[in-house]
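Student: Sequence and predicted model, in that order:
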Amino acid sequence: MSVLSTLLSRSSTKQIQGPGPSEEEIQQILATAMCAPDHGRLRPWRFKRIQGDAIAQLTDLAVKTLEAEGKPLNATKEKTMRDWLARAPLVLAVASYVDHSNERIPEHERMLATGASVMNILNAVHALGYGAFWSTGIGTYTQGVPEALGFDALEYEFLGFVVIGSLSEPLKPKERPAVTDYVSIWEPSES
Ligand SMILES: Cc1cc2nc3c(=O)[nH]c(=O)nc-3n(C[C@H](O)[C@H](O)[C@H](O)COP(=O)(O)O)c2cc1C
């Protein structure tokens, strides 16, 4: 597949299963994250690899923390999340390092760089024939889950999880919006 066909055919999926990418493939996927655009070379992206038994522990942690912080999942949502994560061979937790000492580059630019690094990951996962889904569920918006992963809220903006695995069914082509609905040509006024 050409690079452009890869970019144009990517879509997010939760229809995944084991096995996950090999260690060599994981290194290739993560290397693409390091190629994201990055104002000031701040390298704000941070990832934690969560694999094997640690995924079940993350799932329990998310359920318990959401409950303890007054945002419990209902039974259906809990089951859906548990079933999905039980099939996942690899989860990446994503955070952006805030670096309060740097006043030159606004924080939103660091978050954009981290977002771009995740986009590279999603595309690399797809290029290698795997599936992925970026989620800000799984207790992302709690205090306890990011903290347990080592992403203290004072230093990091926690941006959720990328759940990765082999496709359990082929990706369905997805209808995408027309470019013209979102892009126009600027015509400067003559005055
Ligand atoms: C930062 C971020 C967080 C997201 N969190 C969720 C989420 O918690 N739940 C969800 O259903 N989709 C979430 N999405 C959307 C999916 O990851 C996915 O992009 C969406 O289903 C559209 O699929 P596509 O990537 O094939 O266009 C999130 C997307 C982004 C960029």
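Tutor: In hand now; what should we look at? Residues are numbered from 1 along each chain as shown.

Student: Kindly provide the distance from Ser166 to the ligand.
Tutor: For Ser166, the distance to the ligand equals 17 Å [CB to the nearest ligand atom, to the nearest Å]. Where you see a C-beta, it was placed from the backbone N, CA and C, and this is true even at glycine.

Student: For the helix or strand containing that residue, C-alpha coordinates in CSV please.
Tutor: Element membership for Ser166 (DSSP states H and E) is strand 156-167. Provided in CSV are the C-alpha atoms of strand 156-167 (Å, rounded to 0.1, in the frame of the first residue of the first chain):
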residue,chain,number,x,y,z
TYR,A,156,1.3,16.2,33.0
GLU,A,157,-1.8,16.6,30.9
PHE,A,158,-3.2,13.1,30.7
LEU,A,159,-4.6,12.4,27.2
GLY,A,160,-6.0,8.9,27.5
PHE,A,161,-5.2,5.5,26.0
VAL,A,162,-4.4,4.0,22.6
VAL,A,163,-5.7,0.4,22.6
ILE,A,164,-3.9,-1.7,20.0
GLY,A,165,-4.3,-5.3,18.6
SER,A,166,-4.7,-7.6,15.7
LEU,A,167,-7.9,-6.9,13.7
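
Student: Do I have it right that Ser135 meets Gly160?
Tutor: Yes - assessed by CB atoms under 8 Å, Ser135 is found in contact with Gly160 at 5.6 Å.

Student: Neighbour count: these two, which is higher?
Tutor: Shown here are Ser135 and Gly160; by other CB atoms under 10 Å, Gly160 has more neighbours (20 against 17).

Student: Go ahead and confirm the more buried one touches Thr140.
Tutor: Yes - at 4.5 Å, Gly160 counts as touching Thr140 under the criterion of CB under 8 Å.

Student: next one: stretch 26-42 to chain centre, how far?
Tutor: Here stretch 26-42 is found 14 Å from its chain centre; the criterion is CA atoms, centre = their mean, to the nearest Å.

Student: From start to finish, how long is it in a straight line?
Tutor: 23 Å (CA to CA, to the nearest Å).

Student: Touching that stretch from outside, list them.
Tutor: Contact with stretch 26-42 is made by 20-21, 43-45, 47, 49, 90, 97, 99, 102, 104-105, 109-110, 113-114, 116-121, 123-125, 128, 164, as judged by CB atoms under 8 Å, 6 or more residues apart in numbering.

Student: Any of these buried? List them.
Tutor: By neighbour count, with 16 or more other CB atoms under 10 Å, those hold 20-21, 43-45, 47, 90, 97, 99, 105, 109-110, 113-114, 116-121, 123-125, 164 as buried.

Student: Among the contacts of stretch 26-42, name the ones in strands.
Tutor: Using DSSP state E, the members of the contacts of stretch 26-42 that fall in strands are Trp45, Phe47, Arg49, Leu90, Tyr97, Ile164.

Student: ok, now how distant is the closest residue to the third one other than its chain neighbours from Glu157?
Tutor: In other words, Arg49. The shortest distance from Arg49 to any non-neighbouring residue, by CB to CB, 6 or more residues apart in numbering, is to Leu92 (6.3 Å). In this view, Leu92 and Glu157 are 16 Å apart by CB to CB, to the nearest Å.
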